[in-house]
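[1] Pasting the sequence and the predicted model now:
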Amino acid sequence: MKHQRYCKPTSALTGLLVAGLGLTVPAGPLKAAETAFSPSDIQAWSTRAFDGETDYRLVELDGEQVLRAQARGQASAKYLEQEIDLYRTPYLHWCWRVSSTYPGLVETTKAGDDYPARVYVAHKTGWLPFQVQSVNYVWSSNQAAGSAWPNAFTERAQLLALKGKEAPVGQWVAEVRDVREDFSRLFGERPERLSGVALMTDGDNAGGDATAWYARLAFSDSSAPPRCPGQ
């Protein structure tokens, strides 16, 4: 356990203001309201390192460009601090894929706070840096899909396992979440806006290795899941 470290899920979105970095808004009329982030957008986001840096790079997979994240005992996040209107675009969409998980990891402890893939969203509740609530959507190694628990470092970050220990690895999975509903379930309130979004692949606490791929990250007014690469 590294006593000097800040909580991974929240500190990447506090203390720095990076308004508008990497934001892509498609030109012309849209069938649905959408704020989309391409893999190259995400790679250009700011990096918050916790213990070394996860290797984020653009690669070709299943016929298109995606973002690959490789952690070899490191932990760093890619984050964007940007206001997101949840009335206009309440749904968060993305596709992810992992090469492996962390067998035997106790993810509810500080020593086990590692995930092969996670996407998280933050909502500021006040002016001070620590006044932030975040929902972490994680690809869990050992928890059941659908389960939720507070982050071991702070209860201001709640983790929600979208994929659990039985989830197959090595294939794309599409996700779509009603962000306001998830905040309501985990914090008892439905925010009107988000303050930022981030993703991370990490293995620093337990010294594990993981590789994940990310694509199709967007906020939308449509609840239809995205079509993942190769589909």
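    Arrived safely, thanks for sending. Numbers count the residues shown, from 1 in each chain.
[2] secondary structure element for residue 169?
    Take DSSP states H and E as the rule and residue 169 turns out to sit in neither a helix nor a strand.
[3] And residue 170, how far from residue 101?
    As defined by Cβ to Cβ, to the nearest Å, residue 170 lies at a distance of 11 Å from residue 101. Placement of C-beta: from N, CA and C, glycine included.
[4] Compare those two and say which is more crowded by neighbours.
    In this comparison of residue 170 against residue 101, neighbours counted by other Cβ atoms under 10 Å, the higher total goes to residue 101 at 22 against 8.
[5] where's that one relative to residue 126, distance?
    For residue 101, the distance to residue 126 (Cβ to Cβ) stands at 36 Å.
[6] What ranges does this protein have for its strands?
    Using DSSP state E, the strands of the chain run over 34-37, 46-51, 55-61, 64-72, 75-85, 91-98, 118-124, 132-139, 148-150, 157-163, 173-178, 193-202, 209-220.
[7] Make a markdown table from the ones you listed and add mean neighbour count to it.
    A markdown table is the format used below for those (neighbours: other Cβ atoms under 10 Å):
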| stretch | mean neighbour count |
| --- | --- |
| strand 34-37 | 20 |
| strand 46-51 | 17 |
| strand 55-61 | 14 |
| strand 64-72 | 20 |
| strand 75-85 | 22 |
| strand 91-98 | 23 |
| strand 118-124 | 24 |
| strand 132-139 | 25 |
| strand 148-150 | 15 |
| strand 157-163 | 22 |
| strand 173-178 | 17 |
| strand 193-202 | 24 |
| strand 209-220 | 22 |
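[8] Between those, which one is closest to residue 106.
    Distances from residue 106 to each of these were compared using Cβ to Cβ; the shortest belongs to strand 148-150, at 11.0 Å.
[9] neighbours around the residue lying closest to residue 152 once chain neighbours are set aside, how many?
    Residue nearest to residue 152 in three dimensions, not counting chain neighbours: residue 110, with 4.4 Å by Cβ to Cβ, 6 or more residues apart in numbering. The burial metric for residue 110, expressed as a neighbour count using other Cβ under 10 Å, is 15.
[10] Does residue 110 touch residue 206 like I think?
    No: under the criterion of Cβ atoms under 8 Å, residue 110 lies out of contact with residue 206, with a separation of 10.4 Å.
[11] What pLDDT does the model give the closest residue to residue 86 other than its chain neighbours?
    Taking Cβ to Cβ, 6+ apart, and ignoring the residues beside it in sequence, residue 86 has residue 180 as its nearest neighbour in space, at 5.3 Å. Reading off the per-residue confidence, residue 180 sits at a pLDDT of 98.
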